[in-house]
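A.B. asks: A predicted structure for the sequence below; I have some questions about it.
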Amino acid sequence: MSHPPAYDAFYLAAHAQPADYADSSEERSGINTLFISGLPDDVKAREIHNLFRRRPGFASCQLKYTGRGNQVVAFATFSDHRSAMASLHALNGVKFDPQTGSTLHVELARSNSRRNPKRAGGPYVVIDKRVKSSDAKDRVGGFSDEEGSDENRFSVSGDTDSEGGASNKRCMLYIHSRMPLWDCKLTMLLLMLQARDGACSTLFIANLGPNCTDEELRDLLSQCRGFNSLKLRSSGGMPVAFADFERVEHATMAMDALQGISISSSDRGGMHIEYARSKMRKP
DNA sequence: AGCACA
């Protein structure tokens, strides 16, 4: 009896919805906004404002709770690039909190803040992406949340890979030390359920052994939620299979759970599973 | 790398 392997959380190369990343070749000299990290997680918007308000060319600033653990970052916008650079050099590496010894890391932001402090109201803006723990419970449903160890886990990064000019955007998870466990799980769940390129609710299964049977595959697949039907075919003398699921998300989870596993008839390594090119017609 | 059934 083969069991689906544990989810490979450490390197999840999911073809997730592309986060919008600024092209690295973008003109940097038009950037008037600074990105500030290295802040203690109890920093107040007022402190950020006080840090920047007297600097030449200062326009506005905002504090952002990123929602990744307790991570806090800030943005400060200036009237022009030169004054932004001046403040960057003045404040980068400065000790912010003598208690913790935390040091500011200041760099040019990826893009200018388009937030208008006058319209947004108040001298500084707070963006709070933190998820309330009550919704988090609702969102993750059956997941148990061993809270005690908030020693941290993963976060998501975007990356553009332009092999063959195809420019596939993908997301990956990497270990990161300030994220509570529930947040990691939520992130993983969302990534798993993200629409991936070419996603289809039917899966194409190849690299099966010549003696693979319908029953053997069906036994395995019927343990997967949303499994509808299976068709074994032969392609070039070798068996391939099509497995249909209720929804794309079910197919995605089955693929992630079963990818690469060997079954008793396997004689050439584990199964190769992809989305089928087209949805299976009615059974 | 191998993708059918209408």
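C.D. replies: Thanks, I have it. Residues are numbered from 1 along each chain as shown, chains lettered A, B, ... in the order given.
A.B. asks: can we go C-alpha only for contacts and neighbour counts from here?
C.D. replies: Will do.
A.B. asks: so how far is A:S83 from the closest residue to DNA strand B within the stretch 101-250 of chain A?
C.D. replies: Closest contact between the stretch 101-250 of chain A and DNA strand B, by CA to the nearest atom of the strand, is at A:A206 (4.4 Å). Counting by CA to CA, to the nearest Å, the separation of A:A206 from A:S83 is 59 Å.
A.B. asks: picking up where we left off before, pretty sure the residue of the stretch 101-250 of chain A closest to DNA strand B sits against A:M271.
C.D. replies: Yes. Using CA atoms under 8 Å, A:A206 makes contact with A:M271 at a distance of 5.9 Å.
A.B. asks: more crowded one of those two?
C.D. replies: Higher neighbour count among A:A206 and A:M271: A:M271, with 21 against 18, using other CA atoms under 10 Å.
A.B. asks: from A:A90, how far off is that one?
C.D. replies: Distance, A:M271 to A:A90, by CA to CA: 57 Å.
A.B. asks: try A:V126
C.D. replies: Distance from A:V126 to A:A90, by CA to CA: 24 Å.
A.B. asks: near DNA strand B, which residues of chain A show up?
C.D. replies: A:202, A:204, A:206-207, A:231, A:233, A:235, A:242, A:272-283 (CA under 7 Å from any atom of the strand).
A.B. asks: what's the ChimeraX syntax to select whichever of those residues are buried?
C.D. replies: Buried members of the residues of chain A next to DNA strand B, defined by 16 or more other CA atoms under 10 Å, are picked up in ChimeraX with:
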select /A:202,204,206,207,242,272,273,274,275,276,279,280
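A.B. asks: of A:V126 and A:A90, who's got more company?
C.D. replies: Under the criterion of other CA under 10 Å, the comparison of A:V126 against A:A90 puts A:V126 first, with 16 against 12.
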